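Q: Structure for the following, please:
(one chain, ligands or ions: 1)
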Amino acid sequence: MHLRIRALRLLRRVAFALPLLVLVASACNPDHYPQTALRPLSDYARIGDDIQTTTFKWALAVFVLVEGALIYAIFRFKGKPDDPEPRQVHGNTTIEIIWTVVPALILAAIAVPTVRGIFETNSTPTGDVLRVEVVGHQWWWEFRYPELNLTTANEVHIPVGQTVSFHMSTADVVHSFWPPRFAGKRDVFPNRETRMWFKAEQAGEYPGQCAEFCGIEHGRMAFRVRAQTPEEFQAWVSHMQTLGPKPQASAAPADSMRTASAGAKLQASQQPAKPGAKPTAPDSAAVQQPADPAYAAGEKLFMTKGCVGCHSLQAVNAPKGMIGPNLANVGARSYIGAGSFQNTDENLSRWIQNPQAMKKGVLMPNLGVTPDEAKSLVAYLRAHK
Ligand code: CUA
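A: From the prediction side, this is the model:
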């Protein structure tokens with residue numbers, strides 16, 4: 001009697017808690033958490049997601065059966081105070097065989113797709129594959145497109161429907177490349193290449209994150225995946241290929257054009273209507289040098305304040321081994337500080353004046369830029385789209 005009352009009380013409490021649980025669970029709507037791995041957007045991510053779903057279904061079935069049997073036994077075989085001692089048994093071969101074989105079969109059913117998935121995700125993609133080289137830096141990401149001779153940072157543009165093969169390493173410590181909507185985590189090491197591939201299914205901008213503790217600003221070593229339709233991606237590539245070295249800044253333009261030949265050839269093959277391909281147009285300054293005096297002042301500051309020592313403004317033929325992110329298209333990026341702050345004029349100005357206040361420990365020093373100077377620099381950088 002006493003037990004039944006207690007059970008009833010417990011039930012009532014559970015009944016009260018249930019709506020609360022539903023409410024809490026509804027806050028777990030993946031829209032609130034864009035960095036979710038539970039809504040895959042690529043073939044690669046689906047392999048992992050399918051394995052997880054399979055495993056979860058088996059776990060749920062085991063849970064329901066075991067807990068069901070337990071609850072059934074509790075109520076069906078409940079003892080009363082004056083019951084005699086139950087019959088004592090030792091061992092039951094049949095039951096022992098069953099509870100050894102059944103879990104072994106379930107584990108096999110999980111192991112088969114898991115092992116297959118491991119092989120699939122570690123295979124080398126073939127066919128129409130876009131190669132992207134990823135270099136981890138404290139605390140930002142460099143993305144190079146060797147076939148297109150392009151370099152960018154912190155926002156990797158990829159075409160939807162084409163497999164992208166990432167070849168990854170790092171300039172300093174161990175990081176981990178993780179674009180959760182598209183793939184799992186993959187560590188990146190110095191002097192060793194790790195690979196990852198996926199084919200994006202949906203256009204959009206999605207967050208990514210360094211997933212290996214790599215120093216004080218590990219948490220702000222994020223990036224964006226900009227998945228674009230093939231046409232949008234092609235337009236982006238064509239645009240980026242205009243962001244080459246400036247004619248006056250380049251001491252040996254003939255040389256740089258030679259090394260840029262791969263990109264130029266590719267560009268030529270994609271744009272047959274480009275006669276001669278003489279390096280007249282591919283120049284960021286020629287493309288967008290606004291008459292704005294702030295732009296000119298910003299350019300001068302950029303060259304004299306030390307910015308150029310760490311940042312390149314060339315997407316084409318960009319120098320390797322720069323300490324800071326490539327800024328060729330910084331004006332068009334969604335975020336600054338490696339996916340950390342929205343790329344507004346206000347944030348950019350604050351960043352230029354005092355990066356240490358926004359991202360403590362970042363390798364960019366405070367350069368003593370005044371608010372007025374920052375305004376000019378923002379105008380200059382904003383024009384680099
Ligand atoms: Cu790089 Cu954490």
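Q: Quick check: residues of this protein near the ligand?
A: Listed as neighbours of the ligand in the chain under the rule CB under 6 Å from any ligand atom: 136, 139, 175, 210, 212, 213, 214, 218, 221. No exception for glycine: its C-beta is placed from N, CA and C like everyone else's.
Q: Provide a list of residues in contact with the fourth one.
A: Applying CB atoms under 8 Å, 6 or more residues apart in numbering to residue 210 gives the contacts 136, 139, 141, 175, 176, 177, 178, 218, 221, 222.
Q: Now do the same contact list for the fourth one.
A: Same thing as residue 175. Each residue near residue 175 by CB under 8 Å, 6+ apart is listed here: 136, 187, 188, 210, 212, 214, 221.
Q: ok so, going back, farthest pair in the contacts of residue 210?
A: By the measure CB to CB, 139 and 178 form the most distant pair in these, at 14.1 Å.
Q: Between these two, which is the more surrounded one?
A: A direct count of neighbours by other CB atoms under 10 Å for residue 139 and residue 178 places residue 139 higher, at 26 against 22.
Q: All the strands of the stretch 201-350 of the chain, in order from the start?
A: 204-210, 222-228, 335-336, 341-342 (DSSP state E, counting those that start in this stretch).
Q: who wins for proximity to residue 151 among the ones you listed?
A: Nearest of the strands of the stretch 201-350 of the chain to residue 151, taken as CB to CB: strand 222-228 at 14.2 Å.
Q: Using PDB, write down the CA coordinates of the closest one.
A: Below are the C-alpha coordinates for strand 222-228, written out as PDB (Å, rounded to 0.1, in the frame of the first residue of the first chain):
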ATOM      1  CA  ALA A 222      37.000  29.900 -36.000                       C
ATOM      2  CA  PHE A 223      36.300  30.100 -39.700                       C
ATOM      3  CA  ARG A 224      33.500  30.300 -42.200                       C
ATOM      4  CA  VAL A 225      32.600  27.900 -44.900                       C
ATOM      5  CA  ARG A 226      31.000  29.800 -47.800                       C
ATOM      6  CA  ALA A 227      29.300  27.200 -49.900                       C
ATOM      7  CA  GLN A 228      28.300  28.700 -53.200                       C
END
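Q: Can you give me the domain assignment for this protein?
A: Residue ranges for the domains of the chain, per automatic domain parsing: 2-32, 129-240, 247-382.
Q: Now do the end-to-end distance for the second one.
A: One end of domain 129-240 to the other measures 20 Å (CA to CA, to the nearest Å).
Q: tell me the mean pLDDT for that domain?
A: Taken as a whole, domain 129-240 has an average pLDDT of 95.
Q: same question, the longest one
A: Mean pLDDT, taken over the full extent of domain 247-382, equals 73.
Q: One more: the first one?
A: Domain 2-32 shows a mean pLDDT of 71 in the predicted model.
Q: what about the helices in the stretch 151-300 of the chain?
A: For the stretch 151-300 of the chain, helices defined by DSSP state H, counting those that start in this stretch occupy the ranges 230-240, 253-259, 261-270, 284-287, 293-304.
Q: Pick out the most distant pair among the residues of the chain next to the ligand.
A: For those, and using CB to CB, no pair is farther apart than 136 and 213, which are 12.6 Å apart.
Q: Pick out whichever of those two has more residues nearby.
A: Each of residue 136 and residue 213 has its neighbours counted (other CB under 10 Å); residue 136 has more, 27 against 13.
Q: Would you mind measuring from that one to residue 200?
A: Remark: distance between residue 136 and residue 200 (CB to CB, to the nearest Å) = 21 Å.
Q: swap in residue 137?
A: 24 Å.
Q: now residue 209
A: Distance, residue 209 to residue 200, by CB to CB: 17 Å.
Q: Who are the packing partners of the longest helix along the chain?
A: Secondary structure of the chain per DSSP state H: the longest helix is helix 43-76. If you count contacts as 3 or more CB pairs under 8 Å, 6 or more residues apart in numbering; DSSP states H and E, helix 43-76 packs onto helix 93-122, strand 194-199.
Q: Would you mark the buried spots in that helix?
A: By 16 or more other CB atoms under 10 Å, the buried positions in helix 43-76 come out as 43, 44, 45, 47, 48, 49, 51, 54.
Q: Turn those into CSV, including pLDDT.
A: Formatted as CSV, these follow (pLDDT from 0 to 100):
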residue, pLDDT
43, 94
44, 95
45, 94
47, 95
48, 93
49, 94
51, 94
54, 92
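Q: of those, closest to residue 328?
A: residue 44 (28.6 Å).
Q: Now that closest one: closest residue in space, sequence neighbours ignored.
A: Nearest residue to residue 44 in three dimensions, chain neighbours excluded: residue 198, at 3.7 Å (CB to CB, 6 or more residues apart in numbering).
Q: in the sheet, who's paired with that neighbour?
A: residue 164 (DSSP bridges).
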